[in-house]
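Undergrad: Next comes the sequence, and after it the predicted model I'd like to discuss.
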Amino acid sequence: MIVINRPGASGVIGLGEVLRAKPDGYKVALLISELATIPGMKLARFTSDDFVPIAGLNAEPAVIAVKADARWTNVDALLAEARSRPAPASLPTQPARARRRC
């Protein structure tokens, strides 16, 4: 197997290439968790429904977390406050390679 990385646009470039390829088994993709957010960001016209999983490799659980003493106790409360503010809320993310202890 030859691995060809197609970086860029949160995976849209590589996933799009696999989606456009002939279904002959010569091009496969390692789907990434970003596929859950790509359609919502309008970065691509495809969704996870356009791919068929044939093997699971790992599981990477993710959470939305706040300080233990924060006033929000659930996502609904957090979103309600974010929507009540005039400025848009932001959600910082951390790439796997940049993980550090806080």
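TA: Okay, I see it.
Undergrad: So which residue is dead centre in this structure?
TA: Glu34 (1.8 Å; C-alpha atoms, centre = their mean).
Undergrad: That one touches Gly8, doesn't it?
TA: No. Using C-beta atoms under 8 Å as the test, Glu34 is too far from Gly8 to be in contact (11.7 Å). For every residue, glycine as well, the C-beta is placed using N, CA and C.
Undergrad: Look up how far Asp49 lies from the residue lying closest to the residue nearest to the centre of the chain once chain neighbours are set aside.
TA: With sequence-adjacent residues excluded and distances taken as C-beta to C-beta, 6 or more residues apart in numbering, Glu34 is closest to Ser10, at 4.5 Å. Here Ser10 is placed at a distance of 18 Å from Asp49 (C-beta to C-beta, to the nearest Å).
Undergrad: One more: Ala36?
TA: 12 Å.
Undergrad: Work out the gap between stretch 67-85 and the centre of the chain.
TA: 22 Å (C-alpha atoms, centre = their mean, to the nearest Å).
Undergrad: For it, buried residues please.
TA: Of the residues in stretch 67-85, Leu78 count as buried by neighbour count, 16 or more other C-beta atoms under 10 Å.
Undergrad: Pull up the distance across it, start to finish.
TA: Length of stretch 67-85, first residue to last, C-alpha to C-alpha, to the nearest Å: 20 Å.
Undergrad: ok, and what's touching it?
TA: Here stretch 67-85 makes contact (C-beta atoms under 8 Å, 6 or more residues apart in numbering) with 64, 66, 89.
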